[in-house]
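J.: The sequence and its predicted three-dimensional model are supplied below.
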Amino acid sequence: MTLSTEPYILTDTHTHIYYHAGKATLDEQLQRCFDQHIHRLFLPNVDSASVSLVMDTVRTYPENCFPMLGLHPCSVKENYREELQQLEQQLSESRIYAIGEIGLDLYWDKSTLDFQRDAFRIQVGWAKALGLPIDIHCREAFDELFELLEELKDAKLFGIFHCFTGTLEQAKQAIDLGFSLGIGGVVTFKKAGLDAVVKEIDLQHIVLETDAPYLAPSPFRGKENESSYLYYVAQKVADIHQMDIAEVARITTNNSKKIFGI
């Protein structure tokens, strides 16, 4: 593992660390982040109920934690229009840096696909109106999602494919549509094949993430993830591209600044 003596800042572009809002665990995990040069964290809610947890965390750590707002596709139920109305009200009450996480998920429930599509279109409309990026969740729905993005694409559509685990062809398709790839713990999994894809992608198209508390990288695979483990993702990407972790941090954090505007 390469150790860098250069000062650098890593950015976790997708973490649910706010699940620990108001608890000592939040402070402990963030201190471990700071110890690993992780000073910027972007927080996506998943539904209207989780907004307060995100905002409480942001108020506690305003220099380090930045909120997104959206309705997760797994939270899209028959009442999704009501949920969206509640979330839309929040847009005028708080500064938001992305609409997310939003997207399509056909792993858990295929029956809500039409609801998910409608919710996605509505929330992309918010992002375009506000000049914000979108943070996309896509699970077993690449074809359906790309069809939607082709329908909605214009100069105002941009953002991140969160937790990207697709093929090289899908990676290039996402990049061509104006998206960066959110690379997380899966890149450290030996048989996932994501490392081979990342090797072929210029770092200007990549940002880093944990999706904590999910998808912990090796050597913590199967355990609860936390944002401080972003270091292991960054180190893996550095190894793949044969460069120092400080350079990976510089490039990917700069990418995140361009996307989120902060």
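T.: Yep, that arrived.

J.: mind listing the strands for the protein?
T.: Per DSSP state E, the chain has strands spanning 10-12, 38-43, 65-67, 99-105, 134-139, 159-161, 179-183, 206-208. These are given in chain order.

J.: hey, which helix is longest across the chain?
T.: Longest helix in the chain by number of residues, with DSSP state H as the criterion: helix 113-130.

J.: what's that one packed up against?
T.: Helices and strands touching helix 113-130, by 3 or more CB pairs under 8 Å, 6 or more residues apart in numbering; DSSP states H and E, are helix 80-91, strand 99-105, strand 134-139, helix 142-152. Bear in mind the C-beta positions are built from the backbone N, C-alpha and C, glycine included.

J.: One more pass at 6 Å, please.
T.: helix 80-91, strand 99-105 (3 or more CB pairs under 6 Å, 6 or more residues apart in numbering; DSSP states H and E).

J.: Which residues does that helix contact?
T.: Gly70, Leu71, Pro73, Val76, Tyr80, Leu84, Ile99, Ile102, Leu104, Ile134, Leu152, Lys156 (CB atoms under 6 Å, 6 or more residues apart in numbering).

J.: Adding distance to Leu230, pLDDT and neighbour count, write those out as TSV.
T.: Converted to TSV, the contacts of helix 113-130 look like this (distance: CB to CB, whole Å; pLDDT from 0 to 100; neighbours: other CB atoms under 10 Å):
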residue	distance to Leu230	pLDDT	neighbour count
Gly70	22	98	28
Leu71	25	98	27
Pro73	24	97	30
Val76	28	96	27
Tyr80	31	97	19
Leu84	31	97	19
Ile99	23	98	28
Ile102	22	98	30
Leu104	26	98	25
Ile134	21	98	27
Leu152	30	98	17
Lys156	29	98	15
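
J.: Tell me the one of the residues you listed nearest Ala249?
T.: Of all those, Ile134 has the smallest distance to Ala249: 24.2 Å, by CB to CB.

J.: Surely that closest one is in contact with Gly159?
T.: Yes - the pair Ile134 / Gly159 is scored as a contact, 3.9 Å apart, by CB atoms under 6 Å.

J.: His72 and Glu144: what is the separation?
T.: In this view, His72 and Glu144 are 16 Å apart by CB to CB, to the nearest Å.
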